[in-house]
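Novice: this one's structure only:
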């Protein structure tokens, strides 16, 4: 470990903390539907959309309607993408003349991008035409991110509103977030990337003569525009198979830093927005504090393990940290940080191969995802997932102050507990259930490259990444088979929407409740005690559920490594 | 009060033979699946215990029969400890219910016939609402009802445990009588107001027995959480065979079953209903009957307490504390007049005037010969004495001025006004005295704030509870007493309508309000309040409207009721946290034991250094079972409760039950492992 490495981690966190409030304020304006400076230019566009589609942005929706419209919207996008991918061969915008995708791969990819997962069972440049990249995939990068933020807004309203039946208008939320947040940010961001050397062109391939005199085909494409939203929207689906390890996606150290910052930017901001929405910004900071503590703990373990490297290689005379599968340009610290950021948030972009991490260095991303990606998390999804845990934490410990549990002025009762448990149980059910299934079925066992605990980790990581809608891959697993494409597709869909629907039901139930004013006798949800409790509950509940699987995967892997056995 | 205190201390011993033996019997009866299913976590435990028992016979794994038999025994014990805790909690109420039943069985009514003189003897169970019954000296009152004629002193010890008799009379706020209480003098006619089987006595029997017990909203929510955790752990354990098969091994079902039981929240599930019953029982022994568990939970959530000034904040009677003369009269002259006017006044205020005059001016006067007492009437609102040509009057300032209109000097009246304002501002009540149409001055009647009440309100404030004093006094007086007593707010010249409006206003702001009351005109407010404690001496309407009845009729107890509600909720939260925190250590016992055969490296997770894998698993199961009876006293007595703000309270409880719950099983399992090893059990 080096001073520079730690400095990077500290500076990274510091910059984000400084940006939290401004971003949060901007988001809060969108949450309330207030006018922003951008309305001068984009206001007519927004109204034009509503007029064209016959939407009344002021028509408030109850949670059922909100959920229904959200689901219809996503199913429609799913079908559109599936069609585009299947028909790629006959559609224009295909300079390389690539064929259409197989049904299972098209299904898997369509679900993957609709659910903000961006799991890629394919190599981007060798499979997708430019049209597919833009119409099929990039559109989701915007809309799945906007959906996530809209859903977070809906839950915020549940906490903030008093004795009403409605939680906002889905169409208005999605439109505003896309128009006033994601699009303008991405335009600026993409221009920055282009200036840093990221290609943005419709040309397919450039043939060049290399220094050795050989000829090489270099793939180009509209990379910068996809790169911007890939990070901001915690999507993570790279233009190239190598993702952010590819020099065209991630050319400089500065771009690498900005990419990591942009993964967390909206997630940090949303915590402030939550606090503001419920009338006490300290509520938001408390949540952020718990997230940052978990994040820094993850980074520390990961960096420590990666910097320590592999003792077996040390005996063979290879000094230094674990550089297998890492870009020499970034080194250990920036790779470890990137891996934690991308899995803490539900991004899944990678600048190193997680499969090649040390066992415990690989455990950290895995555990982050198993916790439901509530450490910052995916845009919107992170905070609504975290709030589900907050509800449980309040319920378990809240009674200890001698009052029935309440959080930010809302009583937490049987209905909320039921729905929160339902949503949280989706994670172990899908992750552990499907991993167990694949550990016994022939089709499943055909997937992993390695044997022993490392091979097990590969399966576990794939399903964890899918259910948590992360999309990063441990590699090593041959996932482009009908079995894995199909099952992972189902995992992604359930992992997204089977959490969202109970979450929205909670929003509806909370909105209908009356407000309980805070007093000296109320359960304190702003101080250090609450932050510690949140961290504890998340670690205990998450840890207890997934410990057996982690024990047989990365932990056994690590302990075997110490005993001199590799898999 | 003294009575209920002693009752509480005498009931402290939990594990006496006459409670434990029936509870052991009952704990087996409660294994009935139909009853057990009400507690899903314990139902799962019982199902797993049954499975384990079956595996003893048909299982084919490498585990020894002795080991599996021990697991089966401890699993059954886990279930039995849970049913025992519930049975023990119920047991204390059952004895009380039995004696109440006996009282009820012997009730016979003298039902009056149409003429209102003759009666039939009928069993009380045949009475109908509207029947009129005669109750004579030494009769037990056969049914709840209203006294329609007569006045009697009644011993209500059967219900309240208080042997001093109380007066019951027709009309007014003391007309309600309760079945099972005894008339000890005179006779009354009572109109039956309760249907057979639905009276106060019946409700009390059902309550102390726990027969009508339904899960409270918070218990329902907690049960859902526990079921949720059970499902999550079922998934976690159920997927292990798949994982193990990838590693090329298999895990015996018995081991998986053991892991499941240690992980699911058996501790809190086993104690949950005992906590609830014991909480109600604490109230009962405190002589407060809650009509539902919901009311007790609401008591814990209360934000605002409405407290009647008289009897709660101040001692019931005002005391004369000063003589303030006007217009050249000396204080001694005023004192003498006041003394003479009060000699025949038997009210506490009157007596205190006599005492003050003696103490201050050493006046010892007997009633002059031929003196004639002027009695207090509602019309004149003035009392006094007349002897010879002298007339001395005392009464409220306005009344005295009105009674002596014309003869009173303007200057004296103005001075009196000034003095009475001063008295009111100081929280006192002025009583004016006039002699032969001349104003002498005023007596300062002081409201005496109860000792220690200010500190109590301070405690309530740190707990986030606001206190509002309700009084019929004028705003000036009320403000002074409020300041002296340290209440947060007051409602002066309060009518029942004002009270109701105040409750509604607080509730609109999301607050939960508690109050107590006794009169019929309190009934709407009692019904509206989230916690309405009706005084047992109150009217039937008040007792129906409130969701609690205080058998001691002590309005101060409202504060304790809030404390008991909080204690109940805290006990539930503390044991839930403890139960969940326990799981960490159990994992460290069982995971290495289970997987060490697959990957020997996982042996390092055995941080407790448990002897063998089998001993580790057995120790975890034994700890999981034994912790239940060890926590029964805590569940029944409730966690230590001290009024303080939520922040420090949470810090304290998290340290004790969160951190303690994390660490205790590491130590406990290690000790059990040493014992198991020493005895060669595994």
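Specialist: Yes, it's here. Keep in mind it's a predicted model, so treat the numbers as computed, not measured.
Novice: the nearest residue to residue B:101 once chain neighbours are set aside: what secondary structure?
Specialist: Closest residue to residue B:101 in three dimensions, ignoring its sequence neighbours and counting by C-beta to C-beta, 6 or more residues apart in numbering or on different chains: residue B:205, at 6.1 Å. (C-beta placed from N, C-alpha, C; glycine too.) Of the three states, residue B:205 takes helix according to DSSP: H, G, I helix; E, B strand; the rest coil.
Novice: how many neighbours does residue B:205 have?
Specialist: The local packing of residue B:205 (other C-beta atoms under 10 Å in any protein chain shown) involves 21 other residues.
Novice: tell me the SS of the residue of the stretch 101-250 of chain A found nearest chain B?
Specialist: Among residues of the stretch 101-250 of chain A, the one nearest chain B by C-beta to the nearest C-beta turns out to be residue A:162. It sits 8.1 Å away. Each residue gets one of three states, and residue A:162 gets coil by three-state DSSP.
Novice: tell me the pLDDT of it.
Specialist: Looking at residue A:162, its pLDDT is 92.
Novice: residue B:8 too?
Specialist: In the prediction, the pLDDT value recorded for residue B:8 is 39.
Novice: again, but for residue A:289
Specialist: Among the per-residue scores, residue A:289 holds a pLDDT of 96.
Novice: cool, and the one 3 residues further on?
Specialist: Looking at residue A:292, its pLDDT is 95.
Novice: next one: it from chain B, what distance?
Specialist: Using C-beta to the nearest C-beta, to the nearest Å, one obtains 21 Å as the distance from residue A:292 to chain B.
Novice: phi, psi for residue A:221 please.
Specialist: Dihedral angles of residue A:221 (phi, psi; degrees, to the nearest 10) stand at phi 170, psi -170.
Novice: quick one: terminal-to-terminal distance for stretch A:233-250?
Specialist: For stretch A:233-250, the first-to-last residue distance is 17 Å (C-alpha to C-alpha, to the nearest Å).
Novice: typed the wrong thing, it's stretch B:548-563
Specialist: 15 Å.
Novice: one more: stretch B:124-138?
Specialist: Comparing the first residue of stretch B:124-138 with its last one, the separation is 16 Å (C-alpha to C-alpha).
Novice: who's in contact with it?
Specialist: Taking contacts as C-beta atoms under 8 Å, 6 or more residues apart in numbering or on different chains, the residues outside stretch B:124-138 that touch it are B:104, B:107-112, B:116, B:119, B:141-143, B:145, B:148, B:152, B:177, B:179, B:182-197.
Novice: from those residues, which ones fall inside helices?
Specialist: With helices identified by DSSP state H, the entries of the contacts of stretch B:124-138 that belong to them are residue B:104.
Novice: buried ones from the contacts of stretch B:124-138, can you make that a PyMOL selection?
Specialist: Buried residues within those, by 16 or more other C-beta atoms under 10 Å in any protein chain shown, are selected in PyMOL with:
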select buried, chain B and resi 104+107+109+110+111+112+141+142+143+145+152+177+179+182+183+186+188+189+190+191+192+193+194
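Novice: ok so, going back, residues contacting the closest residue to the residue of the stretch 101-250 of chain A closest to chain B other than its chain neighbours?
Specialist: In space, and not counting its chain neighbours, residue A:162 is closest to residue A:515: 4.5 Å by C-beta to C-beta, 6+ apart. Contacts for residue A:515 (C-beta under 8 Å, 6+ apart) come out as A:162-163, A:409-410, B:510.
Novice: what do you get for residue B:296?
Specialist: Applying C-beta under 8 Å, 6+ apart, the residues contacting residue B:296 are B:216, B:279-280, B:283, B:290, B:564-565, B:568.
Novice: against chain A, how distant is it?
Specialist: From residue B:296 across to chain A, the span is 11 Å (C-beta to the nearest C-beta).
Novice: what does that residue show for phi and psi?
Specialist: Backbone dihedrals for residue B:296, given as degrees, to the nearest 10, come out at phi -70, psi -40.
Novice: re earlier: the residue nearest to residue B:101 and chain A, how far apart?
Specialist: From residue B:205 to chain A the distance is 28 Å (C-beta to the nearest C-beta).
Novice: quick revisit: so which of the contacts of residue B:296 wins on neighbours?
Specialist: In terms of neighbours by other C-beta under 10 Å, the contacts of residue B:296 top out with residue B:568 at 29 neighbours.
Novice: confirm that that residue sits in a strand.
Specialist: No. Judged by three-state DSSP, residue B:568 forms no part of a strand; its state is helix.
Novice: contacting residues for the residue nearest to residue B:101?
Specialist: Contacts for residue B:205 were tallied using C-beta under 8 Å, 6+ apart; they are B:97, B:100-101, B:104, B:211.
Novice: export those residues as CSV, with columns for pLDDT.
Specialist: Compiled in CSV, the contacts of residue B:205 are given as follows (pLDDT from 0 to 100):
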residue, pLDDT
B:97, 78
B:100, 76
B:101, 80
B:104, 78
B:211, 54
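Novice: ok, and the closest non-adjacent residue to the residue located most distally from the centre of chain B?
Specialist: Here chain B has its C-alpha centre computed as a mean, and the residue farthest from that point, by C-alpha atoms, centre = their mean, is residue B:248 with 59.8 Å. Spatial nearest neighbour of residue B:248, chain neighbours left out: residue B:598 (7.3 Å); criterion: C-beta to C-beta, 6+ apart.
Novice: check which helix or strand that neighbour maps to.
Specialist: In this assignment (DSSP states H and E), residue B:598 forms part of neither any helix nor any strand.
Novice: so what's the residue count around it?
Specialist: Burial measure for residue B:598: 21 neighbouring residues, criterion other C-beta under 10 Å.
Novice: what's the answer for the one 10 residues further on, then?
Specialist: The burial metric for residue B:608, expressed as a neighbour count using other C-beta under 10 Å, is 19.
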